[in-house]
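1. only geometry, no sequence info:
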Ligand SMILES: N[C@H](CCC[C@H](N)C(=O)O)C(=O)O
């Protein structure tokens, strides 16, 4: 007997997600094949990831994020903003919230124009990687690699990202890789293109990725707020740098848009 699954589709700067209202906890989170199918752009709905919104006894809701490969991911910044917008659409929250995600509690608020300010976890610091760039954990693992001026648009992010993700350093757990070009003139944004683990391809934008880029950019003279431009749109990151090199009060700020809702047949 086939059943239908009611879903919503959201996107934040072009990073897109299937959102399921799973407050009744009927979705089997161990069904990786189903998540993969729903995220399939030819046979399913199509998305970079899938998110369950669930009830939680101590928070407004819990966000359970899966990568498009069907496996539970770590934190997703664009998905986090979309989940906040979805929670408001469902009437679970109004304009401010405290919710739980894979990397711990998050606070967020929604502006009148729909912009979501999402507080990220404090970040302990960054690690130098020889001949590669820096590594930071912003809820998900990220390499930040600075590119020479004028080279980002032509870069083969898929091939270069894949080589690092499956290279010796990261093969086992994988990593996301952000390729970055510094602003050509003051007031212009940092440009970012990201290869995402779990999607195993370039996505139009990655929220934890631009967060990592903004923090890394502070070592190259960038000050909060940092403006970032991804192929899918613009984001802002604000933060405070501590004397020990850690980062606190980290916020990812940007849009979260509902695109459509529908039903899909599932076996
Ligand atoms: N797109 C997400 C990142 C998902 C993280 C995932 N790709 C992983 O590390 O497994 C974001 O906006 O932060």
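-> Nice, I can see it. Just so we're clear, the structure is a prediction, and the values are computed from it rather than from any experiment.

2. Give me the phi and psi angles of residue 78.
-> phi -70, psi -40 (degrees, to the nearest 10).

3. Count the neighbours of it for me.
-> 35 (other Cβ atoms under 10 Å). Every C-beta, even on glycine, is put in place using the N, C-alpha and C of the backbone.

4. Quick check: it vs residue 149, distance?
-> Per Cβ to Cβ, to the nearest Å, residue 78 is found 27 Å from residue 149.

5. Let me see the confidence value for residue 1.
-> Predicted confidence (pLDDT) at residue 1: the value is 58.

6. Torsion angles phi and psi at residue 237?
-> According to degrees, to the nearest 10, residue 237 has phi -130, psi 130.

7. for the nearest residue to it once chain neighbours are set aside, what are its contacts?
-> Counting by Cβ to Cβ, 6 or more residues apart in numbering, residue 214 is the residue found nearest to residue 237 once chain neighbours are left out, at 3.6 Å. By Cβ atoms under 8 Å, 6 or more residues apart in numbering, the residues touching residue 214 are 190, 222, 224, 226, 228, 237, 239.

8. What separation do you get for the residue lying closest to the fourth one once chain neighbours are set aside and residue 78?
-> For residue 226, ignoring the flanking residues on the chain, the nearest one in space by Cβ to Cβ, 6+ apart is residue 214 at 3.8 Å. According to Cβ to Cβ, residue 214 and residue 78 sit 14 Å apart.

9. now swap in residue 97 and tell me
-> Counting by Cβ to Cβ - residue 97 and residue 78 are separated by 17 Å.

10. again, but for residue 48
-> 8 Å.

11. same question, residue 222
-> Taking Cβ to Cβ, one finds residue 222 at 21 Å from residue 78.

12. Name the residues contacting each of residue 48 and residue 78.
-> With Cβ under 8 Å, 6+ apart as the test, residue 48 and residue 78 both reach 15, 17.

13. The strand or helix carrying residue 265 pairs with which strands, parallel or anti?
-> Using DSSP states H and E, residue 265 sits within strand 257-266. Here strand 257-266 is paired, per DSSP bridges, with strand 3-12 (antiparallel).

14. touching the ligand at all, the following helix or strand past the strand it pairs with?
-> Per DSSP H and E, the first helix or strand lying C-terminal to strand 3-12 is strand 15-21. Yes - Strand 15-21 lies within reach of the ligand by Cβ under 6 Å from any ligand atom, at residue 15.
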